[in-house]
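Engineer: This is a predicted model, with the sequence first.
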Amino acid sequence: MAKDELYRLTITEAQQGLRKREFSALELTRACLERIYAVEPQINAFLTVSETTAVEQAQEADRMLSRLGNDAPALCGIPLALKDIFATRGIRTTCASRILENFIPPYDATVVAKLREAGAVFLGKVNMDEFAMGSSTENSAFGITRNPYDLERVPGGSSGGSAAAVAADECLAALGTDTGGSIRQPAALCGVVGIKPTYSRVSRYGVVAFASSLDQVGPLTKTVRDAAIMMRTLAGVDPRDSTCSARPVPDYEACLTGDVRNVRIGMPKEYFVEGIQPAVLNAVRAALDCYRAMGAQVQEISLPHTQYAVAVYYLIATAEASANLARYDGIRYGLRVEASDLLELYNRTRAQGFGAEVKRRIMLGTFALSSGYYDAYYLKAQKVRTLIRQDFEQAFRACDAIITPTSPTTAFRLGEKTQNPLEMYLSDIFTISVNLAGLPAISVPCGYDENNLPIGLQVIGPPFGEEIVLRVADALERSGFVPRRPTVV
Amino acid sequence: MNRSKIGREQVRHVARLARLELSAEEEERLEHDLSAILDYVDKLNELDTSAVEPTAQVGESGTPMRDDEVTNEPAPEAVLANAPAREGTLFKVPKIIE
């Protein structure tokens, strides 16, 4: 491959090239930076390009590679993009909000520190819906990001910058977060792979909190193997996040055997219903046929409380968000709008600092937690959350993995859903239950619609079932499915 | 549409609790949006949950304990670097007590 086209590589390919000295980490990084400068005028995935940091890290990675050779860490010299929700020491971290517009964290998120340690290269911070609240990245305070497959369409959200940057080959992989589908839905809409790990599998220390009982960190990548490589570095115990699991981290790459014989795949009837775009249904059904042909046992199952998931989510997530976002008060960091007394200072700072969707969710969450309404809304939602969780427990007695569409439609048009919050919320209908139940799930490309827009297939596993999820998704990649690159950039 | 779910006064009350100053347009918009969302979440009342325990958190149960030891060095300059207003090593705020 020509050195100026190195940005097209997967992590797996780049690892080999770096170890064989076919190219240096600096050359790889420079190719990605050139690519960023070439396509950003169209895509606008990046909020901050950290060129100086990237070049320094690449030079350090080259030293590490020559010192350690094949023993260098898996991600040594790999250029990545980070969602602007991760605290990065010395690099502006905005969460796509005016309230954090000039915030420069004095510390690294644990996942960022792990990636630094592993010799990864940070190309910059990428766009998102403000505070990860949204499904199209249109809620960013700093402009929209466009889908590399069709510049008039959204990249999905909230990790839309991460998905678009990977799809447009601006980075080899990206980091995202997923509270109700924010890794998987943009991955589906941009034709890349995105995995949300089991709740507690990856540390959230230094990740700006949205809904703490739902938030998880995960990678967006070009292949399932790349996702497995990233997961091995990201997962694992962290004394700074008390919710983080101490379970040992398996070698996720070793589970990619391509063998799905006798794997019991559940197909929930509630996820194959009217209202879904026909091309999406057809592509997922064709993939299920493919799994049958590879020897898997596909059976219909039921997740009877599916229809309640969006309602439960928008009460629980907003309630938790209203508490988490109380910290933005203009006192210690972030935007401050001066006023003569403290209460006015709070009220005005938050009025100017937060965008419309964030205010809407703070209001809904505050209402759901307020005196007289707590039992009717918040407690009720927590009880129905139990029923949704039990649906999955029941289902996983009879199957090893569950397959659904990731999103009911392919990428929608910019502005199409911005006037109707409820309609926007419903675009997460197939991803939300997974967060409520705390399960691992991946979105992997499985086809294209009549407009050449990517379609994502979701594989859901039982708690800590990342290995089966990755194995099933990888098998589809190996089955002869040929991904199409975006043609507009 | 059913507008009884949340009225203008209630929007103002919740905004006070949330420490948000709202414009008149925002109040109107929120009254409409929140009512529509609350109509939608009413579907949860189709379910009898009287015998169901709430789920507050999924994942592994229990909170790990650790020794109460200081593990980071004090770094007032790093912490104050983002302060919107400061005096010396202090955060500066409007007068609270007359």
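Structural biologist: Cool, got the structure. Numbers count the residues shown, from 1 in each chain, chains lettered A, B, ... in the order given.
Engineer: Tell me if stretch A:312-332 is near chain B.
Structural biologist: Yes - with CB under 8 Å from any CB of the partner chain as the criterion, chain B is reached by stretch A:312-332 at A:312, A:314-315, A:322, A:326, A:329-332. For the C-beta atoms, the positions are set from N, CA and C on the backbone; glycine is no exception.
Engineer: List the buried residues of the host helix or strand of A:R350.
Structural biologist: Secondary structure from DSSP states H and E places A:R350 in helix A:342-353. Buried residues in helix A:342-353, counting neighbours by 16 or more other CB atoms under 10 Å in any protein chain shown, are found at A:345-351, A:353.
Engineer: Which other helices and strands does it contact?
Structural biologist: Judged by 3 or more CB pairs under 8 Å, 6 or more residues apart in numbering or on different chains; DSSP states H and E, helix A:342-353 has no packing partners among the helices and strands.
Engineer: in chain B, which residue is closest to the centre?
Structural biologist: For chain B, the residue nearest the mean C-alpha position is B:A18 (6.5 Å; CA atoms, centre = their mean).
Engineer: what's the distance between that residue and B:A81?
Structural biologist: Going from B:A18 to B:A81 by CB to CB, to the nearest Å gives 28 Å.
Engineer: now A:E138
Structural biologist: In this view, A:E138 and B:A81 are 32 Å apart by CB to CB.
Engineer: okay, these two: which has more neighbours?
Structural biologist: Applying other CB atoms under 10 Å in any protein chain shown to A:E138 and B:A81 shows that A:E138 carries more neighbours, namely 22 against 14.
Engineer: Wondering if the worst-scoring helix or strand of chain B on mean pLDDT reaches chain A at all.
Structural biologist: Within chain B, no helix or strand scores below helix B:76-80, which has a mean of 91 by mean pLDDT, DSSP states H and E. Yes - Helix B:76-80 reaches chain A (CB under 8 Å from any CB) through B:78-79.
Engineer: Residue ranges in chain B under the pLDDT threshold?
Structural biologist: Within chain B, the segments meeting pLDDT under 70 span B:1-4.
Engineer: For it, which segments count as helices?
Structural biologist: For chain B, the helices defined by DSSP state H occupy B:8-17, B:24-41, B:76-80.
Engineer: Would you mind saying which of those helices lies nearest B:I96?
Structural biologist: With distances scored as CB to CB, the stretch of these nearest to B:I96 is helix B:8-17 (18.4 Å).
Engineer: what packs against the closest one?
Structural biologist: Short answer (3+ CB pairs under 8 Å, 6+ apart): helix B:8-17 packs on helix A:356-369, helix B:24-41.
Engineer: Report the next helix or strand after the shortest one in sequence order.
Structural biologist: In other words, helix A:356-369. helix A:380-398.
Engineer: Could you tell me the angle between that next one and helix B:24-41?
Structural biologist: Angular relation of helix A:380-398 and helix B:24-41 on a 0 to 180 degree scale: 40 degrees, by axes from the mean of the first three to the mean of the last three CA atoms, to 10 degrees.
Engineer: Helix A:380-398: which residues count as buried?
Structural biologist: Here helix A:380-398 shows A:380-392, A:395-396 as buried, counting by 16+ other CB under 10 Å.
Engineer: I'd like to know which elements the following helix or strand past that helix is packed against.
Structural biologist: For helix A:380-398, the following helix or strand on the C-terminal side (DSSP H and E) is strand A:401-405. Secondary-structure packing of strand A:401-405 (3+ CB pairs under 8 Å, 6+ apart): strand A:264-268, helix A:278-293, helix A:380-398, strand A:454-460, helix A:466-478.
Engineer: And the ones you listed: which comes nearest chain B?
Structural biologist: Among the helices and strands packed on strand A:401-405, the nearest to chain B by CB to the nearest CB is helix A:380-398 (3.4 Å).
Engineer: Compute the distance from the centre of the closest one to the centre of its chain.
Structural biologist: 23 Å (CA atoms, centre = their mean, to the nearest Å).
Engineer: tell me the angle that helix makes with strand A:401-405.
Structural biologist: Helix A:380-398 and strand A:401-405 are oriented at 120 degrees to each other (the same axes, to 10 degrees).
Engineer: Could you report the neighbour count for A:K3?
Structural biologist: Neighbour tally, A:K3, other CB under 10 Å: 12.
Engineer: element containing the closest residue in space to it that isn't next to it in sequence, please.
Structural biologist: Nearest residue to A:K3, sequence neighbours excluded (CB to CB, 6 or more residues apart in numbering or on different chains): A:E27, at 5.5 Å. Following DSSP H and E, one finds A:E27 within helix A:25-43.
Engineer: Can you mark which positions in that helix are buried?
Structural biologist: In helix A:25-43, residues buried by neighbour count (16+ other CB under 10 Å) are A:25-33, A:35-36, A:39-40, A:43.
Engineer: Let's have these in TSV, adding pLDDT and distance to A:P440.
Structural biologist: Formatted as TSV, the buried residues of helix A:25-43 follow (pLDDT from 0 to 100; distance: CB to CB, whole Å):
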residue	pLDDT	distance to A:P440
A:A25	98	31
A:L26	98	35
A:E27	98	35
A:L28	98	30
A:T29	98	31
A:R30	98	35
A:A31	98	33
A:C32	98	29
A:L33	98	33
A:R35	98	31
A:I36	98	31
A:V39	97	32
A:E40	98	32
A:I43	98	29
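Engineer: now the residues you listed in a markdown table, with distance to A:V284?
Structural biologist: Formatted as a markdown table, the buried residues of helix A:25-43 follow (distance: CB to CB, whole Å):
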| residue | distance to A:V284 |
| --- | --- |
| A:A25 | 39 |
| A:L26 | 42 |
| A:E27 | 40 |
| A:L28 | 35 |
| A:T29 | 37 |
| A:R30 | 40 |
| A:A31 | 35 |
| A:C32 | 33 |
| A:L33 | 37 |
| A:R35 | 32 |
| A:I36 | 33 |
| A:V39 | 30 |
| A:E40 | 33 |
| A:I43 | 27 |
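Engineer: quick revisit: now render the helices of chain B as JSON lines, adding mean neighbour count and distance to A:P79.
Structural biologist: Formatted as JSON lines, these follow (neighbours: other CB atoms under 10 Å in any protein chain shown; distance: least, CB to CB, whole Å):
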{"stretch": "helix B:8-17", "mean neighbour count": "17", "distance to A:P79": "44"}
{"stretch": "helix B:24-41", "mean neighbour count": "17", "distance to A:P79": "41"}
{"stretch": "helix B:76-80", "mean neighbour count": "13", "distance to A:P79": "28"}
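Engineer: now those helices as TSV including distance to A:E51?
Structural biologist: Putting the helices of chain B into TSV (distance: least, CB to CB, whole Å) gives the following:
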stretch	distance to A:E51
helix B:8-17	42
helix B:24-41	39
helix B:76-80	24
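Engineer: before we move on, the earlier item: ok, the residue nearest to the centre of chain B to chain A distance?
Structural biologist: According to CB to the nearest CB, to the nearest Å, B:A18 and chain A sit 4 Å apart.
Engineer: Show the contacting residues for the nearest residue to that residue once chain neighbours are set aside.
Structural biologist: Excluding its sequence neighbours, the residue lying closest to B:A18 (CB to CB, 6+ apart) is A:T366, at 4.3 Å. Counting by CB atoms under 8 Å, 6 or more residues apart in numbering or on different chains, A:T366 touches A:322, B:14, B:17-18.
Engineer: How many residues are close by A:A74?
Structural biologist: A:A74 has 17 neighbouring residues, counting by other CB under 10 Å.
Engineer: Need the helices and strands packed on strand A:401-405 in TSV (columns: distance to A:L151 and mean pLDDT).
Structural biologist: Formatted as TSV, the helices and strands packed on strand A:401-405 follow (distance: least, CB to CB, whole Å; pLDDT from 0 to 100):
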stretch	distance to A:L151	mean pLDDT
strand A:264-268	34	98
helix A:278-293	20	97
helix A:380-398	37	98
strand A:454-460	15	98
helix A:466-478	27	97
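Engineer: which one of these lies closest to A:E60?
Structural biologist: Using CB to CB, these put helix A:466-478 closest to A:E60, at 29.8 Å.
Engineer: report the angle between the axes of the closest one and strand A:401-405?
Structural biologist: Going by the same axes, to 10 degrees, helix A:466-478 makes 50 degrees with strand A:401-405.
Engineer: Dump stretch A:444-463 to PDB, keeping only the CA atoms.
Structural biologist: The C-alpha trace of stretch A:444-463 is given here as PDB (Å, rounded to 0.1, in the frame of the first residue of the first chain):
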ATOM      1  CA  VAL A 444     -21.800  -5.200  12.600                       C
ATOM      2  CA  PRO A 445     -22.500  -4.300   8.900                       C
ATOM      3  CA  CYS A 446     -24.800  -6.800   7.200                       C
ATOM      4  CA  GLY A 447     -26.000  -5.000   4.000                       C
ATOM      5  CA  TYR A 448     -27.000  -1.800   2.200                       C
ATOM      6  CA  ASP A 449     -30.300  -0.400   1.200                       C
ATOM      7  CA  GLU A 450     -31.400   0.900  -2.200                       C
ATOM      8  CA  ASN A 451     -29.600   4.200  -1.600                       C
ATOM      9  CA  ASN A 452     -26.300   2.400  -0.800                       C
ATOM     10  CA  LEU A 453     -26.700   3.200   2.900                       C
ATOM     11  CA  PRO A 454     -25.300   0.700   5.400                       C
ATOM     12  CA  ILE A 455     -27.500  -1.600   7.500                       C
ATOM     13  CA  GLY A 456     -26.300  -2.900  10.900                       C
ATOM     14  CA  LEU A 457     -27.100  -6.200  12.600                       C
ATOM     15  CA  GLN A 458     -27.000  -6.400  16.400                       C
ATOM     16  CA  VAL A 459     -25.700  -9.400  18.300                       C
ATOM     17  CA  ILE A 460     -26.700  -9.400  22.000                       C
ATOM     18  CA  GLY A 461     -25.000 -11.700  24.600                       C
ATOM     19  CA  PRO A 462     -25.600 -12.700  28.200                       C
ATOM     20  CA  PRO A 463     -23.700 -10.700  30.900                       C
END
